[in-house]
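> pasted the sequence and its predicted model underneath.
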Amino acid sequence: MRGSNRLTAEEQFKAAQKKTEKAKTEKEEADQVRAEKIGALRARRLAQAAQDEKTAAAKPRKG
């Protein structure tokens, strides 16, 4: 009886470890996707700002 309880406890522990590792992996993947999206948005924003500056410099000023 004691042996089967120990086996069950070990199985539960391994299952908990596996579940934790899976959650950690999923979080890391989600963080990576988020970082890629942020990087793309930042690049677009910087490109737009550069274009706006270029356009503003090319326009003659009134006054």
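Nice, I can see it. Not measured: the values here are computed from a predicted model. Numbers count the residues shown, from 1 in each chain.

> pLDDT below threshold where in the protein?
1-2, 63 (pLDDT under 70).

> quick one: the helices in it?
Assigned by DSSP state H, the helices in the chain fall at 2-58.

> for the most centrally placed residue in it, give its distance to Thr25.
Centroid-nearest residue in the chain: Asp31, 1.7 Å away (criterion: Cα atoms, centre = their mean). Separation of Asp31 from Thr25 (Cβ to Cβ, to the nearest Å): 11 Å. For the C-beta atoms, the positions are set from N, CA and C on the backbone; glycine is no exception.

> now swap in Ile38 and tell me
Applying Cβ to Cβ, the value for Ile38 to Thr25 is 20 Å.

> what do you get for Val33?
Distance from Val33 to Thr25, by Cβ to Cβ: 13 Å.

> and if you look at Ala15?
16 Å.

> and what of Lys14?
Distance, Lys14 to Thr25, by Cβ to Cβ: 16 Å.

> and Ala47, by the same measure?
According to Cβ to Cβ, Ala47 and Thr25 sit 33 Å apart.

> likewise Asp52?
When Asp52 is compared with Thr25 (using Cβ to Cβ), they lie 41 Å apart.

> what's the neighbour count on Lys27?
Look at Lys27: counted by other Cβ atoms under 10 Å, it has 10 neighbours.

> repeat that for Asn5.
Using other Cβ under 10 Å, Asn5 has 9 other residues around it.

> distance of it from Gln12?
Asn5 is 11 Å from Gln12, where distance means Cβ to Cβ.

> then Ala23?
For Ala23, the distance to Gln12 - Cβ to Cβ - is 16 Å.
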